[in-house]
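Undergrad: quick one: sequence plus predicted model below, questions after.
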Amino acid sequence: MDGFSFHSHRTQLVVAAIAASATTAALISGYNALSKRSRRRDLDQDILRSISSSVAGSANTLFDGTATRTQAGDSELSAPNASPSYDEDLIQEQLARNYAFFGDEAMAKIRSKTVVIVGCGGVGSWAAVMLVRSGVSKIRLVDFDNVTLSSLNRHATAALADVGTPKVKCIERTLKQIARWVHVDCRIELWRKEDGAPLLEGADWVVDAIDNIQTKVDLLKYCHERDIKVFASMGAGAKCDPTRIQISDISHTVYDPLARAVRRRLRLQGVASGIPVVYSTEVPGDVKLLPLPEDEFDKGPVQELGVLDDFRVRILPVLGPLPAIFGLHIASYVLCELAGKPIANPLPIKNRRKLYERLLRDLQQREAKRAGEPGQPSRLGIDEDDVALLFEDVHRGRSVVPPHAVPTRPTLVRWDPARPVGVDNVVVMDAPEAERHLAGEVWGEEVRTVVERRRVEVQRAMEWVM
Ligand SMILES: *[C@@H]1O[C@H](CO)[C@@H](O)[C@H](O)[C@H]1NC(C)=O
């Protein structure tokens, strides 16, 4: 950024500050005591004084991200305060809503802890911005890559002018524009298990927002073995449904192809659980895969570019909001952890497990009775994971019978009595509908159409997860 834009930025900032404090002062004077008003006035004056002095004193470091001390190591992160003229009252005012939410003690924790973000693309950039907006004051950004034009569809801070420059630098610039006091330690490096220790040094939490399976597995294993807290992002590519994004332990992830690949590799290396992740239960739809441009081949091993084995030489389609939402899930979780007020039970999975168990047990018992062996739960061609896929992702928790309501007592039932039970021959109904079905009811055209559509979907889903 040049001196030109710096001037207009400064003007904007000062005008905005005056406007904001004038509005606030007007509001407060409407209903508050005189003493409060005068304290407020002092604060406003502080804001103006502080902004003008720090703008005059450190213009380059504030507004020109490229001129900051980015090669500094851990000393940067442990320095007490980057901009001494930006005083504590102002920081507390800027973080007022967070203080209201977490309280003084928890905010002190958040502000004193260090977060390391590994991977600063569509997921990591959003996590970084929201963590810093919320008070995290020491952050290390690790990413070897430059901003590309095609990453602008999902990045939190990259602008056109950043194309060709390091991702970590454009995030750093934005973070410093948001929070004067933040210490940003930029590392234009690829994290590798052989020499990755210094990049994680001092981390209270590590965010894994890497999109390469092997590096991700290496980082997660590395942290898990050393009791370094790490939160991992699973695949946000080829998905569009924000309602299916959730947080759980990696061992509970169902039908996210990236999570499945990561989980399998970690398990082979002795890590089965203990890593919180954000993932989506959405089965990737009918995505069109683009061929990989030639220059991607020049960058190195093509196998490592994609997040899915099947996508080795392709580019994964990505809808911008999805990685952003993943990043914001990460920020929420890590903030609560840093504050010492963890999210108690991230919602669905735990409760749902019981439901899947019951659905499967009921189906087994019914099939056993049919086979004339009521005591013997029948061995079926589907397991609990399949039940989750069928019930949640294919049937969306709804009955195949119109009006396709959410059943009072959801039931899995074999559709075609002439074919064996399998993922492509089980449907969701409410219990009374299932009774009628088993008694031989012939459903109309609409039900048959829905069942057929679901059957095609489940087959497509199985292609992804096998
Ligand atoms: C990023 O851009 C710089 C400057 O153009 C270049 O030297 C470097 O090789 C690029 N890095 C990557 C990983 O493409």
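TA: Perfect, I can see it now. Numbers count the residues shown, from 1 in each chain.
Undergrad: how many other residues sit next to residue 139?
TA: For residue 139, the neighbour count with other Cβ atoms under 10 Å is 25. All C-beta atoms are positioned from the backbone trio N, CA, C, and that covers glycine.
Undergrad: you'd agree it is in a strand?
TA: Yes: residue state for residue 139 (DSSP: H, G, I helix; E, B strand; the rest coil) corresponds to a strand.
Undergrad: ok, the closest residue to residue 459 other than its chain neighbours - contacts?
TA: Leaving aside its sequence neighbours, residue 459 sits nearest to residue 424 (Cβ to Cβ, 6 or more residues apart in numbering; 6.0 Å). Neighbour list for residue 424: 455, 458-459 [criterion: Cβ atoms under 8 Å, 6 or more residues apart in numbering].
Undergrad: and which of those is nearest to the ligand?
TA: residue 459 (40.0 Å; Cβ to the nearest ligand atom).
Undergrad: thinking again about what came up before, distance of the residue nearest to residue 459 from the ligand?
TA: Going from residue 424 to the ligand by Cβ to the nearest ligand atom, to the nearest Å gives 45 Å.
Undergrad: cool, and residue 281?
TA: In terms of Cβ to the nearest ligand atom, residue 281 sits 33 Å off from the ligand.
Undergrad: give me the pLDDT for the closest residue to that residue other than its chain neighbours.
TA: In this structure, residue 281 finds its nearest non-sequential neighbour in residue 244, 4.6 Å apart by Cβ to Cβ, 6+ apart. Note on residue 244: pLDDT of 84.
Undergrad: what of the one 4 residues further on?
TA: For residue 248, the pLDDT comes out at 87.
Undergrad: so it lies in a strand, does it not?
TA: Yes: under three-state DSSP, residue 248 sits within a strand.
Undergrad: do I have it right that it meets residue 277?
TA: Yes: the criterion here is Cβ atoms under 8 Å, and residue 248 meets it with residue 277 at 6.8 Å.
Undergrad: the two - which one has more neighbours?
TA: residue 277 (28 against 20).
Undergrad: ok, the more buried one - contacts?
TA: So residue 277 contacts 231-234, 247-250, 253, 259 (Cβ under 8 Å, 6+ apart).
Undergrad: wait, which of these is closest to residue 164?
TA: Top of the list for closeness to residue 164, among these and by Cβ to Cβ, is residue 233 at 25.2 Å.
Undergrad: need the pLDDT of the closest one.
TA: For residue 233, the pLDDT comes out at 97.
Undergrad: for residue 250, see how far away it is.
TA: 11 Å (Cβ to Cβ, to the nearest Å).
Undergrad: quick one: which of the two has more around it?
TA: residue 233 (27 against 22).
Undergrad: hey, what's that one bridged with?
TA: residue 278 (DSSP bridges).
Undergrad: quick one: contacts for it?
TA: Residue 233 touches 119, 123-124, 207-209, 277-278, 326-327, 330, counting by Cβ under 8 Å, 6+ apart.
Undergrad: then residue 423?
TA: 381-382, 386, 389-390, 458, 462.
Undergrad: quick one: the strands in the stretch 251-400 of the chain?
TA: Taking DSSP state E, counting those that start in this stretch as the test, the strands found in the stretch 251-400 of the chain are 276-280, 290-291, 314-315.
Undergrad: can you flag the weakest of those strands by average pLDDT?
TA: For the strands of the stretch 251-400 of the chain, mean pLDDT drops lowest on strand 290-291, to a mean of 44.
Undergrad: the ligand contacts on the stretch 101-250 of the chain?
TA: Those residues of the stretch 101-250 of the chain that sit near the ligand, judged by Cβ under 6 Å from any ligand atom, are 144-146, 164.
Undergrad: can you tell me which of the residues you listed is nearest residue 406?
TA: For those, the residue nearest residue 406 by Cβ to Cβ is residue 145; the value is 44.0 Å.
Undergrad: the closest residue to the closest one other than its chain neighbours and residue 141: what is the separation?
TA: Distance criterion Cβ to Cβ, 6+ apart; nearest residue to residue 145, sequence neighbours excluded, is residue 167 at 5.7 Å. For residue 167, the distance to residue 141 (Cβ to Cβ) stands at 8 Å.
Undergrad: equivalent analysis for residue 94, please.
TA: Distance of residue 94 to residue 141, computed by Cβ to Cβ: 21 Å.
Undergrad: between the two, which has more neighbouring residues?
TA: A side-by-side neighbour count of residue 94 and residue 141, using other Cβ under 10 Å, places residue 141 first with 26 against 18.
Undergrad: contact partners for that one?
TA: Counting by Cβ under 8 Å, 6+ apart, residue 141 touches 117, 120, 124, 128, 167-168, 171-172, 184-187.
Undergrad: kindly report the same for residue 343.
TA: Contacts for residue 343 (Cβ under 8 Å, 6+ apart) come out as 247, 332-333, 336.
Undergrad: one more: residue 450?
TA: With Cβ under 8 Å, 6+ apart, residue 450 has these contacts: 400, 404.
Undergrad: distance of it relative to residue 382?
TA: The span separating residue 450 from residue 382 equals 20 Å under the rule Cβ to Cβ.
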